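# model this:
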Amino acid sequence: MSSFTFMGSQYNTNDFLKDVVNMSKLLATNARLINPLPENVDLSEAEEKEVQDQIRAMMILPPFALTDFWSAFAAHHLPQLCTCLRALSHDTQPQALATLIQIFSLLPDPKEEPYFRRFLCHPTEPKGIPTLIAAAFYRGVAWKRPSGPGNICSLLIHCLLWANASLGDDRKASIDAEVRRALATKLGILIEEDRFQLLDQLQRVEIERLHGMLRPIEAMPGDTYVTSTHQYLAGQLVYCANKNCHAEAEMTCSRCKTVRYCGKKHQALHWKSGHKLRCFPPTF
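Purely as a prediction, here's the structure:
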């Protein structure tokens, strides 16, 4: 696809996707990832509005462009996002905390988004983040659309299944034990509340899914549950990235190191079909 029509206008695909990469940097700037907030200073109403306006504008992008937006954001700005999250105070910077968790929760499933997956699987980069997000959830964090409690629960599920269990204090999961227990209690209470039925079905499903996942983590020995599930998911990613190829992949893209191929022929085809616009040198 060399061009497409969007909102009545014709666009060159390559030029549009380059603009999408610039949009990811703009979101990082607006969310104060590049110029972090001072200690105990929260996002202003104007700054928060700027972020929310951009997020709402992004959600009407064509699906392929939205996918590329989040790839660019994950490839370039996830370490900054996590550094800023670690520095925020739940008590004095609730707006910024909620906004960064919102952005994090809008990332696609790491099974489909290779830079997000690479980040979560890194041995040290996500350290402390799953526990921080889980603690913010049970303590009470604002739910900002188009995200919501179900999106945050999905993010925590991704953290549990892709991040190394050794990042947690008891090595059973990447979320610390005490925080897991508090999170399970919070989810149980939320599910029993009348307002739970007012949530969208997908939000309810993800809340119930996380609640159900926490029980076997506690019941099974060591990190058995999360490790076995991670191995199952990772085992589904051994195939060639080229469309309609089901061969096992032995080659990895030497530049981004996030996609695999059965051979050079399919690597070249995948490059021409769009990977060249989504191939970024890893920052982590």
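
# got the domain boundaries for the protein?
3-237, 239-284 (automatic domain parsing).

# Check the separation of the first and last residues in the shortest one.
Right, the one you point to is domain 239-284. 23 Å (C-alpha to C-alpha, to the nearest Å).

# Next: stretch 53-64.
The straight-line separation of the ends of stretch 53-64 (C-alpha to C-alpha) is 20 Å.

# pLDDT of it, averaged?
Here stretch 53-64 scores 89 as its mean pLDDT.

# which residues are in contact with it?
For stretch 53-64, contacts defined as C-beta atoms under 8 Å, 6 or more residues apart in numbering pick out 4, 6-7, 20, 23, 26-27, 30, 66, 69, 102-103, 106, 146, 274. The way it works is simple: take the backbone N, C-alpha and C, and place the C-beta from them, glycine included.

# Please work out which of the domains of the chain is packed deepest.
For those, the largest average neighbour count (mean count of other C-beta atoms under 10 Å) is found in domain 3-237, namely a mean of 17.

# rewinding a little: and the domains of the chain, which one averages the lowest pLDDT?
For the domains of the chain, mean pLDDT drops lowest on domain 239-284, to a mean of 89.

# and the next element down the chain from the longest helix along the chain?
With secondary structure taken from DSSP state H, the chain has its longest helix at helix 63-87. Moving toward the C-terminus from helix 63-87, the next helix or strand (DSSP states H and E) is helix 94-105.

# Please enumerate the helices of the protein.
With DSSP H as the criterion, the chain has helices spanning 13-30, 45-58, 63-87, 94-105, 114-121, 129-139, 149-162, 177-192, 201-219, 224-235, 264-272.

# list the contacts for the closest residue to Leu187 other than its chain neighbours?
Nearest residue to Leu187 in three dimensions, chain neighbours excluded: His211, at 4.1 Å (C-beta to C-beta, 6 or more residues apart in numbering). Counting by C-beta under 8 Å, 6+ apart, His211 touches 184, 187-188, 191.

# Give me the distance between Gly212 and Asp109.
18 Å (C-beta to C-beta, to the nearest Å).

# Same check on Ser228?
19 Å.

# now do Gln95
Gln95 is 27 Å from Asp109, by C-beta to C-beta.

# again, but for Glu218
As judged by C-beta to C-beta, Glu218 and Asp109 stand 25 Å apart.

# next one: Gln267
Gln267 sits 24 Å away from Asp109, going by C-beta to C-beta.

# What of Tyr11?
27 Å.

# cool, Tyr239 as well?
Distance, Tyr239 to Asp109, by C-beta to C-beta: 17 Å.

# cool, Ala135 as well?
Taking C-beta to C-beta, one finds Ala135 at 23 Å from Asp109.

# need the contact list for the nearest residue to Cys279 once chain neighbours are set aside.
Closest residue to Cys279 apart from its sequence neighbours, by C-beta to C-beta, 6+ apart: Cys256 at 4.6 Å. Applying C-beta under 8 Å, 6+ apart to Cys256 gives the contacts 75, 114-115, 278-282.

# From those residues, pick the one nearest Glu47.
Taking C-beta to C-beta as the measure, Glu47 sits nearest to Ala75 out of the contacts of Cys256, at 24.2 Å.

# thought that closest one was touching Pro282?
Yes - in this structure, Ala75 is within contact of Pro282 by C-beta atoms under 8 Å, at 7.3 Å.

# Quick one: closest of the helices of the chain to His246.
helix 264-272 (11.2 Å).
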